[in-house]
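**Student:** Need coordinates for the following:
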Amino acid sequence: MVCTVNGYIRETQQLLPDESAYFEIPKLVNVLIFAFMHNKAPPGAFSFEWTITDEATLQEMRSAPFKQQFKSSVFSAFGVRWYLQVHPNGHTEQGYVDVYLNLPSLPPKITAIEIAQTLQCLETGSMHERTANFDKSMGTGWGKRVLSKPELEGCETLTFAVKMELIAVYDMHGDDVTDE
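**Tutor:** Sure, this is the predicted structure:
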């Protein structure tokens, strides 16, 4: 269990009272720690799944023209908002599904967040892992030709998932403030 005590994180899971570890919380990443505590995820890790079961939406995705996009709901991780974006008939190459993790904005004192991410389509087992620096408004996708449109068309439901691990948070001077 993670909790805050007088501006410190206290890790209490399976530790004896005299073995509790305290870590100072830098003011710039207070909001990130708050997000971890309320999601009850391990510090530095988060996952999100977007499941599409509506037949009309699935049919629209199956017949989507090149570059048409679909967006998940917005979710919060590491104190910022994210969403998934899917181009069922490609954004860069027609006939292949493109999936992106997007970061619409950052808090004013943070200029970048470095994330290790795994993007997946659970029904097909397709996945791509990468590490990316998110700065300002941007997104990163999976590699080319990870999932073809015909593979997607046979699915009765679609679940796109992202697993994220926080690597670093950079302040407005470009300094890594993750562990300060």
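**Student:** Let me know the average pLDDT across the lengthiest strand in the chain.
**Tutor:** Ranked by residue count and defined by DSSP state E, the top strand of the chain is strand 158-171. Strand 158-171 shows a mean pLDDT of 95.
**Student:** now stretch 45-59
**Tutor:** Stretch 45-59 comes out with an average pLDDT of 95.
**Student:** mind starting the numbering at 786 from now?
**Tutor:** In the new count, where the first residue is 786, that last one comes out as stretch 830-844.
**Student:** quick one: that stretch to chain centroid distance?
**Tutor:** Using Cα atoms, centre = their mean, to the nearest Å, the mean C-alpha position of stretch 830-844 is found 15 Å from that of the whole chain.
**Student:** Quick one: end-to-end distance for it.
**Tutor:** Distance across stretch 830-844, first residue to last, is 33 Å (Cα to Cα, to the nearest Å).
**Student:** For the nearest residue to Ser933 once chain neighbours are set aside, give me its contacts.
**Tutor:** In space, Ser933 comes closest to Tyr881 once its chain neighbours are excluded; the distance is 5.6 Å by Cβ to Cβ, 6 or more residues apart in numbering. For every residue, glycine as well, the C-beta is placed using N, CA and C. Going by Cβ atoms under 8 Å, 6 or more residues apart in numbering, Tyr881 touches Gly875, Lys929, Arg930, Val931, Leu932, Ser933, Lys934.
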